[in-house]
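In: need coordinates for the below:
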Amino acid sequence: VQLVESGGGLVQPGGSLRLSCKISGLTLYEYHIGWFRQAPGKEREGASCIVPAHGPTYYEDSVKDRFNCSRDDATSTVHLQMNSLRPEDTAVYYCAADASRYYNSRKTLYEYDFWGQGTQVTVSS
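Out: Next up is the predicted model:
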């Protein structure tokens, strides 16, 4: 199983970035896919958004109305569209796959079944 994130980079405050996560080796539609972020010196958090195998997408409050997560099972790719970026969004962003029957928004990255290596997002002027 491989999850490979891409699309990170440096962006100015207020700007946008689109991250992608290409997934191989599993049947994507059977998994919940979460996007996580880890900033230096900060505690591990739950997912910023979760695109479940079924049902509506979950968004953590701080990214609601700014981030959009979507999945394309046909291409085994999950996307994270980030708008109105803030300096506090600076982090390494990871995608992860969870085979549980129901998703849990409090699960942290390493409690998922599979995760990628991450891509750096830096929001700075």
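
In: ok, and what's touching the helix or strand where W35 lies?
Out: Element membership of W35, judged by DSSP states H and E, is strand 32-38. Applying Cβ atoms under 8 Å, 6 or more residues apart in numbering, the external contacts of strand 32-38 come out as 19, 21, 23, 44-53, 67, 69, 71, 78, 80, 89, 91-100, 103, 107-109, 112, 115, 118, 121. Bear in mind the C-beta positions are built from the backbone N, C-alpha and C, glycine included.

In: I'd like the average pLDDT over it.
Out: The average pLDDT within strand 32-38 is 96.

In: please enumerate the strands of this protein.
Out: All strands of the chain, identified by DSSP state E, fall at 2-6, 9-11, 17-24, 32-38, 49-51, 58-59, 67-72, 77-82, 91-98, 114-115, 119-123.

In: so how far is the fifth one from its chain's centroid?
Out: Computed by Cα atoms, centre = their mean, to the nearest Å, the chain-centroid distance of strand 49-51 equals 7 Å.

In: check the last one too.
Out: Once both centres are worked out by Cα atoms, centre = their mean, strand 119-123 turns out to sit 12 Å from its chain's centre.

In: what's in contact with it?
Out: If you take Cβ under 8 Å, 6+ apart as the criterion, strand 119-123 is touched by 5-13, 15, 17, 19, 37, 82, 85-93.

In: who does it pair up with?
Out: strand 9-11 (parallel), strand 91-98 (antiparallel) (DSSP bridges).

In: could you give me the PyMOL selection string for whichever of the contacts of strand 32-38 are buried?
Out: Taking 16 or more other Cβ atoms under 10 Å as the burial criterion, the selection of buried members of the contacts of strand 32-38 in PyMOL is written as:
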select buried, resi 19+21+23+45+46+47+48+49+50+51+52+53+67+69+71+78+80+89+91+92+93+94+95+96+97+98+103+107+108+109+112+115+118+121
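
In: now I50: how far from E111?
Out: Using Cβ to Cβ, to the nearest Å, I50 is found at 13 Å from E111.

In: low-confidence stretches in the chain?
Out: Scanning the chain with the threshold set as pLDDT under 70 gives no residue ranges.

In: and the residue nearest the centre of it?
Out: Central residue of the chain (Cα atoms, centre = their mean): W35, 1.7 Å from the mean position.
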